[in-house]
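Asks: From the sequence below, what's the structure:
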Amino acid sequence: MPTLPFHQVDVFSTAPFKGNPLAVIAEADGLDDAAMQAIANWTNLSETTFLSRAQNPGADYRVRIFTPQRELPFAGHPTLGSCHVWLALGGRPQGEHVVQECGAGLVRIKRDGARLAFTAPPLRRSGAVDAELTTKIAAALGIKREAMRAVQWADNGPGWIGVLLDSRQDLLNIKFDVQALSQQPIGGVAPWDPPRDGGDAQFEVRAFMWSGAEDPVTGSLNASLAQWLIGAGIAPKQYIAAQGTLLGRAGRVHVIQEGETIWIGGDVAPVVKGTISL
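Replies: A predicted model of the protein is given here:
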């Protein structure tokens, strides 16, 4: 029975079980689409990735990203986790940065010690949300419209709408009602108050998926929120976002703007290493 290298890692955390898990299968060149989808359905994680040789000469490796139901062109925590595994297996970049080939094109990843960071992809949609949808968002979040400091399209692919609240506690108190707003991902964000919340992070983030489930730590959402918040002068050019608090996680997303580029960084903790039988 053929086997392939199998790793499971925890992304946006220095410790296992506190971030967002990812399964990574290496040497996957011989797997077809159906096999990859079947494996991703079996692992039942939010994403499973498959590493293979790059097809683009400018890339160091190729990654394909699957949820249990479908393939994604790009996602944040799978990018960092896949790069971590590629490096751990002896991968060496051609240039200063690692270059990942994926469905969305080429993505640069830089190393800062053990931490990795990817470049935030451009927003596909930004700007104000119309009044009718804003009212539905408030209802789904169980809050009054005036409790939202700002509501903004922050879509870099998944369709995110960002909602800014006044305090971390206000955000943590939300109980999302997917029946009030189905099929629309919402990303909530609120500033930390240092005397009350501590200085470990500057913002709290929650990601409500189209299914109604809450994602533990979300690279794509943090990338789009950073472009909005930094661009609007709400956030500084360097900050840390916490995510996953109510899920028993302690995700930390490190955001920094250098010139026109915003980097979304996080640690990766190895959890499982072995082989998968096919």
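
Asks: quick one, helices of this protein?
Replies: With DSSP state H, the ranges of helices along the chain come out as 33-43, 76-88, 131-141, 168-172, 194-197, 219-231.

Asks: Show me where this protein dips below the pLDDT cut-off.
Replies: Nowhere does the chain drop to pLDDT under 70.

Asks: so who does the closest residue to P270 other than its chain neighbours touch?
Replies: By the measure of C-beta to C-beta, 6 or more residues apart in numbering, the closest residue to P270 outside its immediate chain neighbours is V9, 5.5 Å from it. Just so you know, the C-beta spots here come from the backbone N, C-alpha and C atoms, and that holds for glycine as well. Contacts here follow C-beta atoms under 8 Å, 6 or more residues apart in numbering; on that basis V9 touches P21, L22, V24, G81, H84, V85, V268, A269, P270, V271.

Asks: picking that back up, looking at the helices of the chain, which one is packed in the most?
Replies: Per residue and on average, the most neighbours among the helices of the chain fall to helix 76-88, with a mean of 27 (mean count of other C-beta atoms under 10 Å).

Asks: Just give me the residue closest to the centre of the chain.
Replies: For the chain, the residue sitting closest to the mean C-alpha position, by C-alpha atoms, centre = their mean, is G219 at 1.9 Å.

Asks: which residue packs closest to that residue, ignoring adjacent ones?
Replies: Nearest to G219 is G76, by C-beta to C-beta, 6+ apart, at 1.3 Å.

Asks: give me every residue that touches that neighbour.
Replies: Counting by C-beta under 8 Å, 6+ apart, G76 touches F118, T218, G219, S220, L221, N222, A223, I264.

Asks: next one: T67
Replies: With contacts defined as C-beta under 8 Å, 6+ apart, T67 is in contact with A40, S46, E47.

Asks: Same list (those residues) but as TSV, adding distance to A59.
Replies: Supplementary listing: those in TSV, determined by distance: C-beta to C-beta, whole Å:
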residue	distance to A59
A40	22
S46	24
E47	19
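
Asks: count of neighbours near the nearest residue to D170 once chain neighbours are set aside?
Replies: Ranked by C-beta to C-beta, 6+ apart and with sequence neighbours excluded, the top spatial neighbour of D170 is A190, at 6.1 Å. Residues contacting A190 under the criterion other C-beta atoms under 10 Å number 22.

Asks: do the same with I186
Replies: Taking other C-beta under 10 Å as the neighbour definition, I186 ends up with a count of 23.

Asks: what bridges to it?
Replies: Beta-bridge pairing of I186 under DSSP bridges involves I161, F208.

Asks: So the residue nearest to D170 sits against N173, correct?
Replies: No. A190 is not in contact with N173 according to C-beta atoms under 8 Å; the separation is 10.4 Å.

Asks: Pull out the buried residues from stretch 9-21.
Replies: By 16 or more other C-beta atoms under 10 Å, the buried positions in stretch 9-21 come out as V9, D10, V11, F12, S13, K18, G19, N20, P21.

Asks: Without its sequence neighbours, what residue ends up closest to I262?
Replies: Closest residue in space to I262, ignoring its immediate chain neighbours: A120 at 4.2 Å, by C-beta to C-beta, 6+ apart.

Asks: can I assume the one you found is in contact with A223?
Replies: Yes. Using C-beta under 8 Å, A120 is in contact with A223, at 3.8 Å.

Asks: Mutual contacts of these two, please.
Replies: For the pair A120 and A223, residues contacting each of them under the criterion C-beta under 8 Å, 6+ apart are N156, I262, I264.

Asks: Now, those that are in strands?
Replies: Secondary structure of the shared contacts of A120 and A223 is defined by DSSP state E; positions in strands are I262, I264.

Asks: Name the nearest of the shared contacts of A120 and A223 relative to G251.
Replies: The shortest separation between G251 and any of the shared contacts of A120 and A223 is 12.1 Å, and it belongs to I264 (by C-beta to C-beta).

Asks: Disregarding residues adjacent in the polypeptide, which is nearest to the closest one?
Replies: Looking at I264 with C-beta to C-beta, 6+ apart, the closest residue is A223, at 4.7 Å.
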